[in-house]
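[1] below is the sequence, then the predicted model.
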Amino acid sequence: MKLRNIIVGAASVAAMCTLSACEHETLSGPPRLRLGHDECGECGMIVTEERSAAAALIDENGRRSYIEYDDIGCMLDDERDATEGRTIVERYVHDWESHEWIAADQAAYVMADPHRIVTPMGSGIVAYADRDRAEGAAESWGGRALEWREIIEARRRWMNEKYGAPDKFKG
């Protein structure tokens, strides 16, 4: 009986240490996207298309977590409307052709008419790891190739033109 209690006690301590280590593990890099399961942090739709998906690693009150998005436009909109206390640690988008994660600030973007580039939420925004490929795609879709800072501003302007400035909706 003593041996059994020692084994059970040791197993309990090992389990607590494992759980404690997981709690303190620092997240970094892109998330493991679960298509058909993960929900978009902006619009609430289930993420089903990998090449349009984006993600942000955030820190809120000292805890890191991921927010997944079904469309790059959703990530841009969510960041624009984010509440205080949330810090963006890293951002990721998928390369439109390879479907591989790339750092959002390193990607080249194409923004075109949403009827020409079909994305889950109709942003018409896609990302490429290679600037030349983005420029070629922009030319074929009749869009523009943009860098990270440019796509933020272009999305803001597009949303304001389509829906009005956010200040108009505040009570």
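    Received, thanks.
[2] helices or strands up against the lengthiest strand in the chain?
    The longest strand of the chain (DSSP state E) is strand 86-94. Helices and strands touching strand 86-94, by 3 or more CB pairs under 8 Å, 6 or more residues apart in numbering; DSSP states H and E, are strand 54-60, helix 72-80, strand 101-103. All C-beta spots, glycine's among them, are computed from the backbone N, C-alpha and C.
[3] nearest to residue 116, of the ones you listed?
    Of all those, helix 72-80 sits nearest to residue 116, with 14.5 Å by CB to CB.
[4] now do residue 84, the pLDDT please.
    For residue 84, the pLDDT comes out at 77.
[5] what sits closest to residue 59 if chain neighbours are left out?
    Counting by CB to CB, 6 or more residues apart in numbering, residue 87 is the residue found nearest to residue 59 once chain neighbours are left out, at 4.5 Å.
[6] if I look at that neighbour, how far off is residue 56?
    Between residue 87 and residue 56 the distance is 10 Å, computed by CB to CB, to the nearest Å.
[7] one step back: quick check: angle from the longest strand of the chain to strand 54-60?
    160 degrees (axes from the mean of the first three to the mean of the last three CA atoms, to 10 degrees).
[8] of residue 87 and residue 56, which one has the most company?
    residue 56 (22 against 13; other CB atoms under 10 Å).
[9] adjacent strands (with direction) for the strand or helix carrying residue 109?
    Assigned by DSSP states H and E, residue 109 belongs to strand 108-111. Here strand 108-111 is paired, per DSSP bridges, with strand 125-128 (antiparallel), strand 144-146 (antiparallel).
[10] most tightly surrounded among these?
    strand 125-128 (a mean of 26; mean count of other CB atoms under 10 Å).
[11] which residues touch that one?
    With contacts defined as CB atoms under 8 Å, 6 or more residues apart in numbering, strand 125-128 is touched by 51-52, 54, 71-73, 76, 93-97, 102, 104, 107-111, 117, 119, 134, 137, 151, 155.
[12] pLDDT on it, on average?
    Mean pLDDT, strand 125-128: 98.
[13] how about stretch 159-171?
    For stretch 159-171, mean pLDDT is 69.
[14] show the contacting residues for the residue nearest to residue 59.
    Applying CB under 8 Å, 6+ apart to residue 87 gives the contacts 58, 59, 60.
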